[in-house]
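J.: Sequence and predicted model, in that order:
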Amino acid sequence: MSENYRGYRGPALATLQEYSAQVWSDVEIHIGTGTFTGIVLPRSETADPHHIVIKLRSGYNVGIEATGVEKITVQGRKEAHYKIPEKEFPFDPAKPRVKLLGTGGTIASRLDYRTGAVIPAFSPGELYGSVPELADICNLETEKLYGVFSENMGPEQWVGTARAIGREIEKGVQGIVIGHGTDTMHHTAAILSFMVQNTPVPIVMVGSQRSSDRPSSDAALNLMHSVKTAAESDIAETMVCMFGPTSDVYGLLHRGTRVRKMHSSYRSTFRTIGDIPLAMVSRESIRPLRHDYHHRRQDRNVTINTAFEERVSIVYYYPNMKPDIIESLVDNNYRGIVIAGTGLGHVNKPLYPALRRAQQKGIAVYMTVQTLWGYVQMYVYDTGRDMMELGVIPGANMLPEVAYMKLGWALGQTKDVLKVREIMMTPVAGEITEREPSNGYLIFQGGIPEVEEFISRYRR
């Protein structure tokens, strides 16, 4: 098909041709319920043949079913090419040095609609051209470590990132920002909390839920918040910095071992579980919400311990689970298993023989709760006591993903299951807390009058 109709076929192609509209045409499309004005965008070869896609004046894209089109008026042609503006990042000796390490998530980017490719902004000059406010905060240096989607992050990338952090701290940077895809950001935040200990500077993970070519993108503001945190914050821990509310008001700094992505598309997807965030951050200020954090230091001392055992699995228990799930892990020589159990930490009795086999083979098995909030309490019911006799160890209030990361890290230190248990049950980076504060569990139920009254004050 001609580039003039890139990706279009079937009814959508026929409708465009009927009205002499092509890709990049500036059009008004009239349907029974109204008129849409925008630029006809190309489509991928795998897209359905029934919709015409245009970019509205607002910047959003919309698909219009071809069979409902009454008329298309062509007003001109505006081919879209998004080129990242690049300007030399100004150096100010009075400002702190911040290092941005990239793992593959594009913090600031533009979509080239001609090719469909995302053009990343990553060099200091590109980032300055995209987000010039960064120059008011720091002297920014960048390094691309990896170029993978976050679901492809693994031990190789975790170890490499931890070692890169150590090198940059030794070089004297005042803070580190790690650009990362949001889907597994909380996994990486957890493992870096164990692999990088006693950091003297902030380590801030950041990403974006929506790409930079969208008007509702959170990329630029997240980047400004994270760089400000790295440059100025007194909190010297591994953190995740993302939107707090859904509006562009402030970001939240979440401790790396107590944070989780909780919504597939909301900009305010990350939240601290079973506790409260470390701080709020805006373009103007950083406001701590608690004071039990590790403080920034002037020395360059940091402990990098990247040992990791890959033969660890996490199993989400469900009713009627068959023992072959556990048996397969035993047969394949896994050394650690984390179970996300029901309630206080339960599984069904048919799994007991498989758990006994795991115990006999020296496999470390830890129980967490799939409720996410709350603690494992295996002394309450006979089920829990029976499992502890089978070698299952209660994991306190570690989040399942955090327990998985810590178990892999602990087994990387030693093969002795007793020493592994000591490592697992000794808090390293806030992954286990003595108690859950009263405001550490808040889930509002919409529709209830008092809740609706409360959120109406903040809904935008």
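T.: Received it, and whenever you're ready, just let me know what you need. Source: prediction; values computed, not measured. Residues are numbered from 1 along each chain as shown.

J.: What's the mean pLDDT across the longest helix along the chain?
T.: Taking residue count as the measure and DSSP state H as the definition, the longest helix of the chain comes out as helix 155-171. Mean pLDDT, helix 155-171: 98.

J.: name the helices or strands packed onto that helix?
T.: When contacts are defined as 3 or more Cβ pairs under 8 Å, 6 or more residues apart in numbering; DSSP states H and E, helix 155-171 packs onto strand 97-102, strand 175-179, helix 185-195, strand 196-197, strand 303-304. C-beta: built from backbone N, CA, C; applies to glycine.

J.: And those: which comes nearest residue 252?
T.: For residue 252, the closest of those is helix 185-195, at 13.1 Å, according to Cβ to Cβ.

J.: So for the closest one, what gets flagged as buried?
T.: Under the neighbour-count criterion of 16 or more other Cβ atoms under 10 Å, helix 185-195 has 185-195 buried.

J.: Out of the residues you listed, which comes closest to residue 367?
T.: Sorting those by how near they are to residue 367, with Cβ to Cβ, puts residue 190 at the top with 17.6 Å.

J.: so what's the closest one up against?
T.: In this structure, residue 190 makes contact with 256-257, 399, 401-402, 405-406, 431, judged by Cβ atoms under 8 Å, 6 or more residues apart in numbering.

J.: Just the closest of these to residue 73, please.
T.: Using Cβ to Cβ, residue 401 is the member of the contacts of residue 190 that lies nearest residue 73, at 52.3 Å.

J.: picking that back up, in CSV: the buried residues of helix 185-195, plus distance to residue 92 and pLDDT.
T.: CSV is the format used below for these (distance: Cβ to Cβ, whole Å; pLDDT from 0 to 100):
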residue, distance to residue 92, pLDDT
185, 30, 96
186, 34, 98
187, 36, 98
188, 31, 98
189, 30, 98
190, 35, 98
191, 34, 98
192, 29, 98
193, 32, 98
194, 35, 98
195, 32, 98
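
J.: Apart from its chain neighbours, what residue comes closest to the one residue sitting closest to the centre of the chain?
T.: When Cα atoms, centre = their mean is applied to the chain, the residue found nearest the centroid is residue 182 (2.3 Å). Nearest-residue entry for residue 182: residue 207, 4.3 Å, with adjacent residues in sequence omitted and distances by Cβ to Cβ, 6 or more residues apart in numbering.

J.: I figured that neighbour was touching residue 185, is that so?
T.: Yes. With contacts counted by Cβ atoms under 8 Å, residue 207 reaches residue 185, the gap being 5.7 Å.

J.: List the residues that are in contact with both of the two.
T.: Both residue 207 and residue 185 are contacted by residue 150, under the criterion Cβ under 8 Å, 6+ apart.

J.: which residues of the stretch 101-250 of the chain score low on pLDDT?
T.: Low-confidence segments of the stretch 101-250 of the chain, defined by pLDDT under 70, span residues 105-121, 211-215.

J.: Please repeat the previous calculation with a cut-off of 90.
T.: For the stretch 101-250 of the chain, applying pLDDT under 90 flags the ranges 102-132, 144, 146-150, 181, 207-220, 245-249.

J.: Which parts of it are helices?
T.: Read by DSSP state H, counting those that start in this stretch, the stretch 101-250 of the chain holds these helices, from start to end of the chain: 124-130, 155-171, 185-195, 219-232.

J.: what does the stretch 251-400 of the chain give?
T.: Applying DSSP H, counting those that start in this stretch to the stretch 251-400 of the chain gives helices spanning 324-331, 352-360, 382-389, 400-413.

J.: buried set for the last one?
T.: In other words, helix 400-413. 400-412.

J.: Which one, of the helices of the stretch 101-250 of the chain, ends up nearest to residue 310?
T.: Checking the helices of the stretch 101-250 of the chain against residue 310 by Cβ to Cβ gives helix 155-171 as the closest, at 5.7 Å.

J.: quick one, longest strand in this structure?
T.: Identified as the longest strand of the chain according to DSSP state E is strand 69-77.

J.: What pairs with it, parallel or antiparallel?
T.: strand 25-31 (antiparallel) (DSSP bridges).

J.: what comes up buried for the strand it pairs with?
T.: So for strand 25-31, counting by 16+ other Cβ under 10 Å, buried means 25-27, 29-30.

J.: Tabulate those residues in CSV, adding columns for distance to residue 201 and pLDDT.
T.: Listed next are those as CSV, based on distance: Cβ to Cβ, whole Å; pLDDT from 0 to 100:
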residue, distance to residue 201, pLDDT
25, 52, 92
26, 50, 92
27, 52, 95
29, 53, 95
30, 58, 96
